[in-house]
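[1] compute the structure for the input listed below.
(4 chains)
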Number of protein chains: 2
Amino acid sequence: MSRAERERQILTVAEDLFAERGYAQATMDELAERVGVSKPVIYDYFGSKEGLLLALLTRVRGELYAATRPALDAAASPREGLRASLTAFFCFIDGHRAAWSVLNRESALVGAEALAAVERLRSQQAEFLGAFLVGAGAAPDPATAAVYAQILVGAAERLALWQEHHPALTAEAAADHLMNALWNGMSGART
Amino acid sequence: MSRAERERQILTVAEDLFAERGYAQATMDELAERVGVSKPVIYDYFGSKEGLLLALLTRVRGELYAATRPALDAAASPREGLRASLTAFFCFIDGHRAAWSVLNRESALVGAEALAAVERLRSQQAEFLGAFLVGAGAAPDPATAAVYAQILVGAAERLALWQEHHPALTAEAAADHLMNALWNGMSGART
DNA sequence: GGAAGTAGGTTACTACGAGTAGGCTACCGC
DNA sequence: GCGGTAGCCTACTCGTAGTAACCTACTTCC
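    Numbers count the residues shown, from 1 in each chain, chains lettered A, B, ... in the order given. Next up is the predicted model:
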């Protein structure tokens, strides 16, 4: 098997295994067994357990960006663009539900590098959201836009996790709620 | 030394150690050494490394509740109450900066029980915020209020973490931004 | 066509950290 | 003084991340 092929295979198996057991409980021995190779092969490809997680995060980051970025500009108005992008985000999480909590929440404990990788993932989202908010006139200045972007990212992330235990909340409904709360404000109740 | 005294001592040292090294990198051997006892003593008190984390989370939960809950009702208006409570939250994080990321973000990877404990912490905040939002007329119905409460919690949490790398953002400023974004809405820029 | 290098593995270890078995000491009630 | 017990220690076991050293087949060059 070629290197690139083997690499993708290991990452895919690892994503499932991490989702199933959690990062800490997943062992490299079991991963190697599932892939059907010996352990040093994994180490040859990724260097360490954390390196493997890092590679996984990088892959997910690319996918998430591809899923949410285009939606922002494709819509007719800023409001609809933001709503479409938020919906895309929740749909993406839905498709990667198993990997989501592991990759985005459990990863932090391993080390500085993995933590930084998770932060880069968030920053990537926050950055283009911030630029978007400035363009949409939704924030008085770039600094405020940066803060607002963090608020958006945090709120969306929390809602995505909350969904796990409240499956009644669909991706569209989650996006709608976010729009109502953040765009219109909570000061007066709206439906 | 009495049991209760020893327990508090171990928890305090553990909080520092976890903050310093991160949960995974912190070893029970080093903790025992810092406390000045042998390892089995720690296990006698907390059962396991995760048990220790759990006890720490429980303590922090009580402190966070005490810091944020009273502020909600003490103020003259709902708007001011929410702002005061958010400010109290960011101030609390400021005081527990070192422990914050470990306890609230890194803990998830250990096991189901620790994960549940972290979720309870968030739920506690979300619950009284939800009830508050209903009372304030800031959400059309209790179900929406529950979603809004999650949005508040997620946004506040994210902003608290973002502050780590953007120390210019004070607790008051963070609370103000949150109020502007969430209460008034982002649809029209306000200062 | 055979020597030399290399890609893609393998088996069999080491190191280290979580958790434990069993014993020791000093104090308390009687 | 003596049994019980609270609080603590030394000295382990065991599982898992990570590694050293070796092996096999294929490609490449003369």
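[2] which phi and psi values does A:T27 adopt?
    phi -110, psi 150 (degrees, to the nearest 10).
[3] neighbours of it, how many?
    13 (other C-beta atoms under 10 Å in any protein chain shown). From N, CA and C alone the C-beta is placed, and that goes for glycine too.
[4] so what's it up against?
    Going by C-beta atoms under 8 Å, 6 or more residues apart in numbering or on different chains, A:T27 touches no other residue.
[5] ok, A:A66 - contacts?
    Counting by C-beta under 8 Å, 6+ apart, A:A66 has no contacts.
[6] so which helix or strand takes in it?
    Secondary structure assigned from DSSP states H and E places A:A66 in helix A:49-74.
[7] mind checking if stretch A:149-162 is in reach of chain B?
    Yes. Using C-beta under 8 Å from any C-beta of the partner chain, we find that stretch A:149-162 touches chain B at A:150-159, A:162.
[8] tell me which of those residues is nearest to A:A143?
    A:Q150 (11.4 Å; C-beta to C-beta).
[9] so what's A:C91 closest to, chain neighbours aside?
    The shortest distance from A:C91 to any non-neighbouring residue, by C-beta to C-beta, 6 or more residues apart in numbering or on different chains, is to A:A171 (4.8 Å).
[10] contacts for the strand or helix carrying A:R79 next, please.
    Assigned by DSSP H and E, A:R79 belongs to helix A:78-95. With C-beta under 8 Å, 6+ apart as the test, helix A:78-95 has contacts from A:63-64, A:67-69, A:71-75, A:100, A:129, A:132, A:135-138, A:156, A:159-160, A:163, A:170-172, A:174-176, A:178-179, A:183, B:187.
[11] switch to 6 Å and redo it
    A:64, A:67-68, A:71-72, A:75, A:100, A:136, A:156, A:160, A:171-172, A:174-175, A:178-179 (C-beta atoms under 6 Å, 6 or more residues apart in numbering or on different chains).
[12] from the residues you listed, pick the one nearest DNA strand C.
    A:W100 (25.9 Å; C-beta to the nearest atom of the strand).
[13] just the pLDDT for that closest one.
    We have a pLDDT of 67 for A:W100.
[14] cool, and A:Y148?
    A:Y148 carries a pLDDT score of 87 in this model.
[15] what's the first helix or strand after the helix or strand hosting it?
    Using DSSP H and E, A:Y148 sits within helix A:142-165. Using DSSP H and E, the helix or strand that follows helix A:142-165 in sequence is helix A:171-178.
[16] now the angle between helix B:142-163 and that following helix, please.
    Per axes from the mean of the first three to the mean of the last three C-alpha atoms, to 10 degrees, the angle that helix A:171-178 makes with helix B:142-163 is 70 degrees.
[17] which other helices and strands contact helix A:171-178?
    helix A:78-95 (3 or more C-beta pairs under 6 Å, 6 or more residues apart in numbering or on different chains; DSSP states H and E).
[18] let's see it at 8 Å
    helix A:78-95, helix A:142-165, helix B:142-163 (3 or more C-beta pairs under 8 Å, 6 or more residues apart in numbering or on different chains; DSSP states H and E).
[19] list just the nearest of the residues of stretch A:149-162 next to chain B to B:R120.
    Looking across those and measuring by C-beta to C-beta, the closest to B:R120 is A:W162, at 13.4 Å.
[20] much appreciated, bye for now.
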